[in-house]
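Undergrad: I would like the atomic coordinates for the input below:
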Amino acid sequence: MKWLAALALSVLGCSVSSAAEWHFVGGDWASTSDGLTQQATGGQAYAFRLTRAFKNGSVQARFRVHAQGSGVQAAGLILSSCNSQWAYFVHFDTKNDQLILFRGDLNIASSEIARKRGVSLHTGQWYTARAEVRGGIIRVWLDETLVLEARDTSHNAGLTGVYTSQGHVDFAAIEVDGDETKLVTPWHVFLPAQDVRKRQLAAEILETRVLCRSLYIGWPSIAQAPNGDLLAVFSGGRTAHISPDGKVQMTRSTDGGKNWSDAITIYDTPIDDRDSGIIQTKEGAMLVSWFTGPGGGQWQGHWTMRSEDNGHTWNKPVRTEVTTPHGPTQLSDGRILFVGQRPHESHGEAYDVGIQESRDDGRSWRTIGTFPVPKDAEMLAYDECHVVECAEGKLVIGFRDCFEPHKMRQAESTDGGRTWSTPWMTNIEGYPPHLIRLRNNWLVAVYAKRWEPFGQYACISKDNGKTWEVEREIKLAGALKKDMGYPASAELDDGSIWTVYYQAAHPGEKPCLMGTHWRPHYE
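TA: Sure thing, here's the model as predicted:
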């Protein structure tokens, strides 16, 4: 995938001057003798012409869609782009013989302005397409025939370009025209994750960005090592959400989150490795947890693994009886408490949530009980839990409820996790929770909302989990679609927080590791 605004001669096989005219977002673009080609057949890929912005602009190009892939196999024209997501997108869909005009993100239904069905489009055939916007009227021609006209005033001026959706497409004879103008705000690549207010009622968003890429990344956690490094672990190097090839991977920041390393594989069983958690133990070790499966024989199960050198080398894995995405919790009495599903897969004891502890810093585990899931609970109503210890020693556990309205379920323990109160439903909507206690003894819960508008969120409790300030809920990041989330947080020495999560940074991409650096408003 090529992400450079100006690509060198050796990459594209063309003159530097012509290559420098384009900014590519997604896909696999290259220059040809008379245009561009984009070969990736998954998701969307965009080429924006950087040299001039137009008011009342037009773009024309010849295109040919190859008969490859299983998606809509579409070519497109771009008008009035003020950033990489907000523009007029003219969509020529060869799979469904239709033309669609969008005012923004192609993945959001509300972006559609107009649609023309019954437009005969075939793969392997060259077409000439032209689109113009003038005085709030958008017109589209195909082979010199006007096929669509619509009124919209969402965009006044911007860059032009071409794009593809789930298709290998050749473009030739690309021409642009219009009333040249300057953009009020400089054109930029838009990250949907950054589409949040910087200053909110309960926090300030300092930064949101991509931290690491490794094919498909999912289900991360983060912790600070004894030497101050930030370590984020995840299932990486994957083909898809469900695939047999996930690895336990890690990225490291040695400067408080300013820079992050490439993905490092710290363990890879012969089967799928998923849902990595990480904590720092009382002895100063780093402890990673994950589960494997399915169908892995001797490798099927739940695991933890220790590092005694700030995550540079790792000891042999140890089996556990339980698992949960963000792993166990270090308690002030030296024990490590691990509450989670037993087994992970939805079979066997349907609602069994086991409780284990380690008294030797994560080297071994023993079962001390079972969480009292109500007998009438539905399957997965008490899923993917996480525990935090309050200042006075009380433990608070939050559960993912997979059923609407997806409110976090909560319970408490006053005897170190051996027994628990009857759980109740909180007013936090989202899942799964990751809970931490800040240095000022506030609790912070982070979670995702896998429904529109998608995003990563945080909520604060100032009374040890008795109440949560949902009316001051913090939106950490927006997201494109529901395959995302599992945020986890670590507090830095300066009181700021890094929260990591997985999601696609741009339309058409596989999920990567992203992070938001933020600071609560301490009162």
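
Undergrad: Leu206 contacts Trp498, doesn't it?
TA: No - with contact defined as CB atoms under 8 Å, Leu206 does not count as touching Trp498 (9.6 Å). C-beta: built from backbone N, CA, C; applies to glycine.

Undergrad: nearest spatial neighbour of the residue most central in space within the chain, skipping sequence neighbours?
TA: Residue closest to the mean C-alpha point of the chain, counted by CA atoms, centre = their mean, is Gln503 at 1.0 Å. Distances taken as CB to CB, 6 or more residues apart in numbering place Met484 nearest to Gln503, at 3.3 Å, with adjacent residues excluded.

Undergrad: distance check, that neighbour against Pro453.
TA: Using CB to CB, to the nearest Å, we find Met484 at a distance of 12 Å from Pro453.

Undergrad: cool, Tyr46 as well?
TA: 22 Å.

Undergrad: okay, the two: which has more neighbours?
TA: Tyr46 (28 against 11; other CB atoms under 10 Å).

Undergrad: find out how far the helix or strand hosting that one is from the centre of the chain, if you would.
TA: Taking DSSP states H and E as the criterion, Tyr46 maps to strand 44-65. Remark: strand 44-65 is offset 28 Å from the chain centroid, using CA atoms, centre = their mean, to the nearest Å.

Undergrad: got the domain ranges for this structure?
TA: 9-181, 199-494 (automatic domain parsing).

Undergrad: strands of the stretch 201-350 of the chain, residue ranges please.
TA: Applying DSSP state E, counting those that start in this stretch to the stretch 201-350 of the chain gives strands spanning 203-212, 216-224, 230-238, 247-253, 264-267, 273-280, 286-292, 301-307, 318-320, 329-330, 336-341.

Undergrad: mean neighbour count added to those, as CSV?
TA: Shown next, in CSV, are these (neighbours: other CB atoms under 10 Å):
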stretch, mean neighbour count
strand 203-212, 19
strand 216-224, 26
strand 230-238, 26
strand 247-253, 24
strand 264-267, 18
strand 273-280, 26
strand 286-292, 27
strand 301-307, 21
strand 318-320, 17
strand 329-330, 21
strand 336-341, 26
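
Undergrad: for the ones you listed, give me TSV that also has mean pLDDT and distance to Glu175.
TA: What follows is the strands of the stretch 201-350 of the chain, written out as TSV (pLDDT from 0 to 100; distance: least, CB to CB, whole Å):
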stretch	mean pLDDT	distance to Glu175
strand 203-212	95	34
strand 216-224	98	38
strand 230-238	97	41
strand 247-253	98	44
strand 264-267	98	47
strand 273-280	97	49
strand 286-292	97	53
strand 301-307	97	58
strand 318-320	96	63
strand 329-330	98	61
strand 336-341	96	59
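
Undergrad: for Arg472, find the nearest of those strands.
TA: strand 203-212 (8.6 Å; CB to CB).

Undergrad: so which elements touch that closest one?
TA: With contacts taken as 3 or more CB pairs under 8 Å, 6 or more residues apart in numbering; DSSP states H and E, strand 203-212 sits against strand 230-238, strand 474-478, strand 512-520.

Undergrad: what sits up against the shortest one?
TA: Contacts of strand 474-478 from elsewhere in the structure, counted by CB atoms under 8 Å, 6 or more residues apart in numbering, are 192-197, 200-203, 205, 208, 446, 453-460, 487, 499, 501, 503, 514, 516, 518.

Undergrad: list the buried residues in the strand holding Tyr46.
TA: 44-49, 53-65 (16 or more other CB atoms under 10 Å).

Undergrad: can you list the low-confidence ranges for the stretch 351-500 of the chain?
TA: By pLDDT under 70, the weakly predicted segments of the stretch 351-500 of the chain are 351.

Undergrad: tell me where it has strands.
TA: Counting by DSSP E, counting those that start in this stretch, the strands of the stretch 351-500 of the chain are 353-358, 366-370, 383-389, 395-400, 407-413, 424-429, 431-437, 443-449, 455-461, 474-478, 485-491, 497-503.

Undergrad: just tell me which of these ends up closest to Ile137.
TA: strand 474-478 (30.9 Å).
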